[in-house]
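> got a structure for you, letters missing:
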C-alpha cells in the first residue's frame, strides 16, 4: 500500500517573497504598431514628439475683432469677417479691424484681438473699451505644443486625453507593447461546463470563465483551453499546448495535496517550479513556474482562492508584460467597520467594500469569507490585508487595502 504524503515538499514563502519571485521573471513583451486613435488602454513603447507646432499660425483666442494695437482707442472700420479654418489673405491696415471667430488665423497686419464683450460696432465702425498690447488674446505659434516637444513618454498608459493629443499632432500610428496571450485551463474530473448537464456532486466551471474575464479586464487576450480531467498525460498535453499558443498559462485546481493533484509535478517536469505554497489566505497552494521564458500560474480550485491569487500575483505580472510602469493595484489605509479576529497562522486578504465616510476610508466585509463563497467577491472593490495574530482588532483599526474597483 502506497503511503500518502502528509507534508508538502514545497517551502512556504511569504506574500512579499512570492511577488518578488514572480516579478523577477517578467519583462515587457515585444512591440507592435497600432492605430493611435483607438489605442486607449495600451502602453507606449517609445516617446512621441510633436512633428509640428500647435497652433501652426497665430490664432484668435476668442470671438471678437482682429486689429492693430498701435491704433489705440480710436474707432476702426470693420472690413471683413474671418471664420475658423479660413485663411483670407486679408491685410489689416491702420484704422481697420476684422470680425474674427475663435480659432481663426490672425490676418496680416493685425497683432492683437479684442473680445466682442469689450467692443461696440455701429454702422461698420468699431469702438473698443481698452487699449491693447501686441499679442493680446492671440494664441501664438507653438503656444500649446512646440515642434519637436516630447508629448507622451515611453511607458505612458494611453487614456482619452492622450488619444486626443495624438490626433492633435497628426500621429495616427504608435508603437505599443504587445498584449499578452493568456491561456486558461480548468482541471478536475468533477468539473463540467456551465451549459452542460451537471451530474450529482459535479461543479460547474466558474473558475475558467472568471479568470478569462479577469485576464481581459487586465488588458490581455484570453484563450480557453477547456477542462482537463485528472489524468497526468491529458493535463500535461493541455499544458504544453497552452505554452505553445500563449505567453502565460493559468490553471485552476489540482495544486493541493491529493493523489489527483497533478499540476505541481507536471510543472516541475516541464519547467522550473519557483514556489508551490504561499503563506496567505485564501490560496495557500498557489504555484508559480516558468518554462521556455513563459509564465505559469497554478491557481487553487476554490473560486475565491483562484481570483484572489490572480489579483495579488498574476495581474501585476500581466500588466508588467504590457509595459505598465505601475503594474500593482493602488494600496490605501482603511478603517475597519466591524471587529476582526485575526487568524493565528497566516495573513488573509478579506473581500471588502471600501467607502469614504466622514473624511476617512472605511472597509466593510462582504460577509462570510469562505474560499468557496464566490458571493464574497461580488460588490467588492477592495482586498483588506489582515495580518496573522491572536488578537481581535477593534472598529476603527487601520489596515492596508488593495483597491480593486471603483470607490
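Received the coordinates, thanks. Keep in mind that what you see is a predicted model, and the values were worked out from it rather than measured.

> in the helix or strand containing residue 114, what counts as buried?
Element membership for residue 114, per DSSP states H and E: strand 112-115. For strand 112-115, burial by neighbour count (16 or more other Cβ atoms under 10 Å) applies to 112-115. Just so you know, the C-beta spots here come from the backbone N, C-alpha and C atoms, and that holds for glycine as well.

> For it, which outside residues touch it?
Residues outside strand 112-115 that contact it (Cβ atoms under 8 Å, 6 or more residues apart in numbering): 60-69, 100, 106, 128, 130, 132-138.

> What of stretch 12-23?
So stretch 12-23 is contacted by 274-275, 277-280, 284, 286, 288, 295, 312-313, 316-317, 320, 347 (Cβ under 8 Å, 6+ apart).

> What mean pLDDT does that stretch get?
Averaging pLDDT along stretch 12-23 gives 97.

> Just the buried residues of that stretch, please?
Residues 13, 15, 18-19, 22 are the ones in stretch 12-23 that count as buried (16+ other Cβ under 10 Å).

> Now those in TSV, please, with extra columns for secondary structure.
Output for those, formatted as TSV (DSSP: H, G, I helix; E, B strand; the rest coil):
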residue	secondary structure
13	strand
15	helix
18	helix
19	helix
22	helix
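
> Relative to the whole chain's centre, how far out is stretch 390-399?
Relative to the chain's own centre, stretch 390-399 is displaced by 32 Å; criterion: Cα atoms, centre = their mean, to the nearest Å.

> Revised request: answer the last question for stretch 13-26.
The answer for stretch 13-26 is 21 Å, by Cα atoms, centre = their mean.

> how about the nearest residue to residue 386 once chain neighbours are set aside, what does it touch?
Nearest residue to residue 386, sequence neighbours excluded (Cβ to Cβ, 6 or more residues apart in numbering): residue 348, at 4.7 Å. Contact partners of residue 348, counting by Cβ under 8 Å, 6+ apart, are 280-282, 369, 385-386, 388.

> can you tell me how far residue 348 sits from residue 316?
19 Å (Cβ to Cβ, to the nearest Å).

> Quick check: pLDDT value at residue 207.
93.

> tell me the contacts of the nearest residue to it once chain neighbours are set aside?
Leaving aside its sequence neighbours, residue 207 sits nearest to residue 252 (Cβ to Cβ, 6+ apart; 3.9 Å). Neighbouring residues of residue 252 by Cβ under 8 Å, 6+ apart: 184-187, 207-208, 211, 299-301, 306.

> Generate a ChimeraX selection restricted to the buried subset of these.
A single ChimeraX command selects the buried members of the contacts of residue 252 (16+ other Cβ under 10 Å):
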select :184,185,186,187,207,208,211,299,300,301,306
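
> how about the contacts of residue 252 in CSV, adding distance to residue 200?
CSV is the format used below for the contacts of residue 252 (distance: Cβ to Cβ, whole Å):
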residue, distance to residue 200
184, 27
185, 25
186, 20
187, 20
207, 20
208, 22
211, 26
299, 26
300, 24
301, 19
306, 24
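
> Just the ones in strands from the contacts of residue 252, please.
Those of these mapping onto strands are 184-187, 299, per DSSP state E.

> Can you name every helix or strand that the lengthiest helix in the chain contacts?
Longest helix in the chain by number of residues, with DSSP state H as the criterion: helix 232-245. Judged by 3 or more Cβ pairs under 8 Å, 6 or more residues apart in numbering; DSSP states H and E, helix 232-245 is in contact with strand 181-187, strand 221-228, strand 248-252, helix 263-270, strand 294-299.

> again, only this time at 7 Å
Where contact means 3 or more Cβ pairs under 7 Å, 6 or more residues apart in numbering; DSSP states H and E, helix 232-245 is packed against strand 181-187, strand 221-228, strand 248-252, helix 263-270.
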